[in-house]
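> Sequence and computational prediction follow.
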Amino acid sequence: MAHGTALDALLPHGLGHLTRPFGTVPMEPAEGAARLAELQSRIRAGNRFGVPAIATRSA
């Protein structure tokens with residue numbers, strides 16, 4: 001994603017996993033939750049089964 005690939009261009013091909021959905025900078029929990037909810041909404045809308053991605057964070 002950091003290299004300029006648009007999320008919407010990837011979705012029709014399938015996207016099953018989000019790693020570091022909050023990025024690499026600290027953010028408030030409410031902001032992170034809102035960001036993840038927006039990403040999941042786009043992912044569900046962009047695939048034919050309406051399935052969200054698995055979201056994990058790096059340790």
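On my side now, so go ahead. What you see is a predicted model, and the numbers here were worked out from it, not measured in a lab. Numbers count the residues shown, from 1 in each chain.
> those helices in this protein, which residues are they?
7-10, 29-46 (DSSP state H).
> Which other helices and strands does the longest one contact?
Read it as helix 29-46. Counting contacts by 3 or more CB pairs under 8 Å, 6 or more residues apart in numbering; DSSP states H and E, helix 29-46 packs against helix 7-10, strand 17-19. Where you see a C-beta, it was placed from the backbone N, CA and C, and this is true even at glycine.
> Could you tell me the least trusted of the ones you listed?
Here these differ in mean pLDDT, and the lowest is helix 7-10 at a mean of 79.
> Quick one: residues contacting the residue positioned nearest the centre of the chain.
For the chain, the residue nearest the mean C-alpha position is Leu39 (4.2 Å; CA atoms, centre = their mean). With contacts defined as CB atoms under 8 Å, 6 or more residues apart in numbering, Leu39 is in contact with Leu7, Leu18, Pro21, Ala53.
> now Ala55
His17, Leu18, Pro21, Leu36, Gln40.
> now with 10 Å?
Listed by CB atoms under 10 Å, 6 or more residues apart in numbering, the contact partners of Ala55 are His17, Leu18, Thr19, Arg20, Pro21, Phe22, Leu36, Leu39, Gln40, Ile43.
> most surrounded residue in the residues you listed?
Greatest neighbour count in these, by other CB atoms under 10 Å, goes to Ile43: 22 neighbours.
> neighbours around the closest residue to it other than its chain neighbours, how many?
Closest residue in space to Ile43, ignoring its immediate chain neighbours: Ala53 at 5.1 Å, by CB to CB, 6 or more residues apart in numbering. Neighbourhood size, Ala53 [other CB under 10 Å]: 20.
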